[in-house]
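Student: Below are the sequence and a predicted model; questions follow.
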Amino acid sequence: MHPNQLLIQSFYEAFSRKDYRAMAECYHPEATFIDAAFDLHGKEVPAMWEMLCKRGKDLELTFSNVAADALHGSADWEARYTFSQTGRKVHNIIHAEFIFRDGKIWSHTDTFDFYRWARQALGFTGLLLGWTAFLHKKVQKSAMGSLHKFMAEKGNGF
């Protein structure tokens, strides 16, 4: 098994344990993370995982199809949790793409069906507006605001 494949596997094993410190160790200090809610750089990346692990009281995670070579990797993962803002249950199905540098994750991009997520997480509002750029931008703004507030409360350090 390639070392980067082991790195991805270690990352998701740590995530399934909600071990955000071990997750942070998998990332390069200049890492980026992008998904439908976040566009993060550097310290924001491990801070997001810490926030999600601490707030995700009922988070359950499974992962599969881990593959990697010297430069690129990928995995599929699923998260089941209660969306804190609405109390609604979510089952999100995600595909992750990775780029590696210096034996660490340098770039991490998660893709998922935002409309499907919005219908589950936001209910009727997600059903009506989940396909719109308006709601997508509103979710991004809210997510980034929550992360920056979380980072400020903990003094922005690790």
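Tutor: On my side now, so go ahead.

Student: Grab the longest helix from this protein for me.
Tutor: Determined from DSSP state H, the single longest helix within the chain is helix 133-153.

Student: how about stretch 128-138: buried residues?
Tutor: For stretch 128-138, burial by neighbour count (16 or more other Cβ atoms under 10 Å) applies to Leu129, Gly130, Leu135, His136. Every C-beta, even on glycine, is put in place using the N, C-alpha and C of the backbone.

Student: Which parts of the protein are strands?
Tutor: Ranges of strands within the chain are 27-34, 39-41, 60-68, 72-83, 88-101, 104-111, based on DSSP state E.

Student: Output those strands as a markdown table; include the columns mean neighbour count and distance to Arg21.
Tutor: Converted to a markdown table, those look like this (neighbours: other Cβ atoms under 10 Å; distance: least, Cβ to Cβ, whole Å):
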| stretch | mean neighbour count | distance to Arg21 |
| --- | --- | --- |
| strand 27-34 | 18 | 11 |
| strand 39-41 | 15 | 17 |
| strand 60-68 | 15 | 17 |
| strand 72-83 | 17 | 19 |
| strand 88-101 | 16 | 19 |
| strand 104-111 | 17 | 15 |
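
Student: These: which one's closest to Lys154?
Tutor: Closest approach to Lys154 among those is made by strand 39-41 (15.7 Å; Cβ to Cβ).

Student: mean confidence for the closest one?
Tutor: For strand 39-41, mean pLDDT rounds to 97.

Student: now swap in stretch 80-98 and tell me
Tutor: Across stretch 80-98, pLDDT averages out at 94.
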